[in-house]
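Visitor: Sharing a model that was predicted from the sequence below.
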Amino acid sequence: MLCIQDLLALELFQKLPQSRLEWVCDRAQELHLSAGDILVSEGEAGKGFFILSCGSIGVTRLSDGIAVPVGQHDAPAFFGEVQVLTDDLVPVTLRAMQDCRLHLLTNPDFLELVHECREFERLIFQTVQRRLEGLTSFMRQREKMAALGTLAAGLAHELNNPAAAVVRALQDVVPALIELQRMNLIAGQRQLDPDHTQAWLQARDAGYDTILNHPIDTMTLNDREDQILQWLEDYGVEEAWKLAEPLATGGIAIETLEHLMQPWQNDQSEMHDMGLRWLALSFDVLTMITSGLHGAKRMSELVQSMKSYSHLDQGIQQLIDVHDGIEDTLRLFAYKLKHGVEIQRKYDRTIPRFLAYGSELNQVWTNLIDNAIDAMSDQGVLEIETEWHRDHLQVHITDSGSGISEEVRSRMFEPFFTTKPVGKGSGLGLEMVRRIVENRHRGSLTLESRPGRTRFTVCLPLNPETT
């Protein structure tokens with residue numbers, strides 16, 4: 001049985017009269033847990049108000065399937081008041097860290113204490129506020145880290161292809177350049193006619209111009225490659241297929257090849273087809289270098305997007321272009337969008353730059369866009385529209401998903417409320433969006449939803465002094 005001395009070890013009970021302390025002792029149900037036993041699991045209904053007089057209870061919350069420690073109750077302690085007062089599900093798992101002795105007050109008994117003793121009520125609500133703020137702060141950090149992890153994974157995925165292109169170019173271009181040097185030496189030893197040499201150089205330069213400035217469309221390229229392959233085989237080139245593609249890419253005409261190769265048709269040495277290989281390899285080298293440059297440029301753009309996204313090189317507040325932040329976010333989500341999400345942009349490019357917490361607004365775009373993609377199951381239309389209305393701007397993010405029910409809609413911005421399975425969502429994403437928009441930027445966040453169309457609208461004031 002719970003004794004009065006156990007209760008008086010807690011400040012919460014020290015203001016209660018003797019009669020009430022005795023009443024609590026009579027009403028409390030004694031419980032014993034062995035180390036490792038679970039008292040209550042995340043997502044379950046609350047069981048009542050607990051008084052821990054011996055042992056310690058660990059507090060964890062699932063994040064991506066992993067139980068993350070968020071706190072610990074060491075005797076003497078009390079907990080469970082939040083669920084009694086709010087009637088919400090328990091957002092954490094409580095597990096005995098060692099053998100524990102507890103006492104349980106039912107919901108009606110605990111509420112009777114709260115309503116009858118003003119000092120008890122005050123201490124309870126102070127505790128509720130402190131614990132919710134602590135859990136919310138912890139989960140916000142987890143939410144930010146999870147979002148960063150998601151974006152980092154996407155960034156790594158997006159960097160992989162251009163990085164591989166750069167590696168391939170650097171690996172292949174070196175032996176190709178060595179082979180070109182060897183061919184040039186052999187041609188030099190043969191003391192070719194200057195006019196004929198100039199004709200080769202003109203063909204090469206014309207091919208360079210085609211590759212860099214006038215690329216050939218795929219259908220025409222395929223037809224030209226077939227024609228060149230047939231000509232090369234008739235000419236007697238071994239492994240002609242290796243030369244056909246680069247020569248076609250360079251836009252070389254059959255007539256040009258016939259003119260260039262006329263002096264070597266009956267040559268039994270390497271010179272019989274070396275000019276063709278030299279020309280094809282020259283085009284290959286340029287294509288490899290161009291591909292490597294495109295890959296390096298793409299990596300630079302992605303890194304710049306991440307830098308802009310986080311505003312690492314700027315202060316907390318800065319003049320921003322709202323479209324830059326949205327586009328940076330979309331680039332970082334490219335790995336998810338490419339599977340079947342069509343993006344429709346309707347930007348008002350007359351919207352001026354304005355003073356804002358840039359990195360925090362990017363968290364807003366991240367959460368809203370990520371939720372929209374999830375709502376469409378990675379297949380659908382994502383519309384992003386911006387509007388300028390004199391002293392404020394609006395950003396509409398609309399998805400073609402199944403919509404949000406009225407019941408869910410009424411609770412979407414509550415802390416810890418989520419429709420995702422336990423461990424898959426913290427319930428703080430939209431709460432964070434609301435806080436950043438309304439508290440940090442004095443704006444507003446609204447939601448309209450019906451099957452096939454869900455729209456979040458972010459309204460942000462524009463400071464006339466910064467426009």
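Guide: Done, it's in. Numbers count the residues shown, from 1 in each chain.
Visitor: burial of residue 51, as a residue count?
Guide: A count of nearby residues for residue 51, using other Cβ atoms under 10 Å, gives 26. Backbone N, C-alpha and C define where each C-beta goes, glycine included.
Visitor: give me the beta-bridge partners of it?
Guide: residue 78, residue 103 (DSSP bridges).
Visitor: for the stretch 251-400 of the chain, what spans make up the helices?
Guide: Per DSSP state H, counting those that start in this stretch, the stretch 251-400 of the chain carries helices over the ranges 254-261, 271-310, 322-332, 334-337, 358-375.
Visitor: what's the longest one packed up against?
Guide: Using 3 or more Cβ pairs under 8 Å, 6 or more residues apart in numbering; DSSP states H and E, the elements in contact with helix 271-310 are helix 118-189, helix 194-213, helix 218-235, helix 241-249, helix 254-261, helix 322-332, helix 358-375.
Visitor: Quick one, which of the helices of the stretch 251-400 of the chain gets closest to residue 384.
Guide: helix 322-332 (6.2 Å; Cβ to Cβ).
Visitor: So which bits of the closest one are buried?
Guide: 322-323, 325-332 (16 or more other Cβ atoms under 10 Å).
Visitor: Tell me the one of these nearest residue 380?
Guide: residue 330 (15.1 Å).
Visitor: Quick check: the gap between that closest one and residue 294.
Guide: 20 Å (Cβ to Cβ, to the nearest Å).
Visitor: Redo the helices and strands packed on helix 271-310 as JSON lines? Include mean pLDDT and distance to residue 283.
Guide: Below are the helices and strands packed on helix 271-310 laid out as JSON lines (pLDDT from 0 to 100; distance: least, Cβ to Cβ, whole Å):
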{"stretch": "helix 118-189", "mean pLDDT": "76", "distance to residue 283": "10"}
{"stretch": "helix 194-213", "mean pLDDT": "91", "distance to residue 283": "5"}
{"stretch": "helix 218-235", "mean pLDDT": "90", "distance to residue 283": "12"}
{"stretch": "helix 241-249", "mean pLDDT": "92", "distance to residue 283": "4"}
{"stretch": "helix 254-261", "mean pLDDT": "91", "distance to residue 283": "13"}
{"stretch": "helix 322-332", "mean pLDDT": "86", "distance to residue 283": "32"}
{"stretch": "helix 358-375", "mean pLDDT": "86", "distance to residue 283": "41"}
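Visitor: how about those helices in JSON lines, adding distance to residue 34?
Guide: Below are the helices and strands packed on helix 271-310 laid out as JSON lines (distance: least, Cβ to Cβ, whole Å):
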{"stretch": "helix 118-189", "distance to residue 34": "26"}
{"stretch": "helix 194-213", "distance to residue 34": "74"}
{"stretch": "helix 218-235", "distance to residue 34": "70"}
{"stretch": "helix 241-249", "distance to residue 34": "72"}
{"stretch": "helix 254-261", "distance to residue 34": "86"}
{"stretch": "helix 322-332", "distance to residue 34": "47"}
{"stretch": "helix 358-375", "distance to residue 34": "40"}
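Visitor: Now render the helices of the stretch 251-400 of the chain as CSV, adding distance to residue 451.
Guide: What follows is the helices of the stretch 251-400 of the chain, written out as CSV (distance: least, Cβ to Cβ, whole Å):
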stretch, distance to residue 451
helix 254-261, 59
helix 271-310, 33
helix 322-332, 25
helix 334-337, 22
helix 358-375, 11
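Visitor: Of those helices, which is nearest residue 15?
Guide: Using Cβ to Cβ, the helices of the stretch 251-400 of the chain put helix 358-375 closest to residue 15, at 41.9 Å.
Visitor: Okay, now the sheet partners of the helix or strand containing residue 459, with direction.
Guide: Here residue 459, judged by DSSP states H and E, is contained in strand 453-461. According to DSSP bridges, strand 453-461 forms sheet pairs with strand 392-399 (antiparallel), strand 444-450 (antiparallel).
Visitor: Show residues contacting that strand.
Guide: Counting by Cβ atoms under 8 Å, 6 or more residues apart in numbering, strand 453-461 makes contact with 322, 354, 356, 361, 364, 368, 372, 375, 391-401, 403-404, 437, 441-449, all of which sit outside it.
Visitor: Among these, name the buried ones.
Guide: Looks like the contacts of strand 453-461 have 322, 354, 356, 361, 364, 368, 372, 375, 393-401, 403-404, 437, 441, 443, 445, 449 buried, using 16+ other Cβ under 10 Å.
Visitor: Could you double-check that residue 386 sits in contact with residue 322?
Guide: Yes - between residue 386 and residue 322 there is a contact under Cβ atoms under 8 Å: 6.2 Å.
Visitor: distance between stretch 439-451 and the chain's centre?
Guide: Offset of stretch 439-451 from its chain centre (Cα atoms, centre = their mean, to the nearest Å): 21 Å.
Visitor: I should have written stretch 243-253 there, sorry.
Guide: With Cα atoms, centre = their mean, you get 41 Å for stretch 243-253.
Visitor: List the neighbours of it that are in contact with it.
Guide: 203-204, 206-208, 210-211, 214, 216, 221, 224-226, 228-229, 232, 237, 257, 276-277, 279-281, 283-284, 287.
Visitor: buried set for it?
Guide: Buried-residue list, stretch 243-253, by 16+ other Cβ under 10 Å: 243-252.
Visitor: cool, and stretch 363-378?
Guide: 363-373, 375-376.
Visitor: what's the overlap in contacts for residue 386 and residue 322?
Guide: By Cβ under 8 Å, 6+ apart, the residues touching both residue 386 and residue 322 are 351, 393, 395.
Visitor: right, and the first one touches residue 389 too?
Guide: Read that as residue 351. No - using Cβ under 8 Å, residue 351 is not in contact with residue 389, being 10.0 Å away.
Visitor: Neighbour count for the two, which is higher?
Guide: residue 351 (20 against 11).
Visitor: Ramachandran coordinates for that one?
Guide: phi -60, psi 130 (degrees, to the nearest 10).
Visitor: Excluding chain neighbours, what is closest to it?
Guide: residue 388 (4.5 Å; Cβ to Cβ, 6 or more residues apart in numbering).
Visitor: what about the one you found, distance to residue 345?
Guide: 15 Å.
Visitor: Which one's more surrounded, those two?
Guide: residue 388 (16 against 13).
Visitor: Specify the beta-bridge partners of the more buried one.
Guide: residue 393.
Visitor: wouldn't it be in contact with residue 347 here?
Guide: No - look at residue 388 against residue 347 with Cβ under 8 Å: they stay out of range, at 10.3 Å.
Visitor: Just give the number of residues close to residue 207.
Guide: 22.
Visitor: That one touches residue 282, doesn't it?
Guide: Yes - the pair residue 207 / residue 282 is scored as a contact, 7.4 Å apart, by Cβ under 8 Å.
Visitor: what packs against the host helix or strand of residue 82?
Guide: Taking DSSP H and E as the definition, residue 82 sits inside helix 81-86. Judged by 3+ Cβ pairs under 8 Å, 6+ apart, the packing partners of helix 81-86 are helix 107-116, helix 118-189.
Visitor: who touches the closest residue to residue 232 other than its chain neighbours in this structure?
Guide: Of all residues not flanking residue 232 in the chain, residue 240 sits nearest, at 3.6 Å (Cβ to Cβ, 6+ apart). Going by Cβ under 8 Å, 6+ apart, residue 240 touches 229, 232-233.
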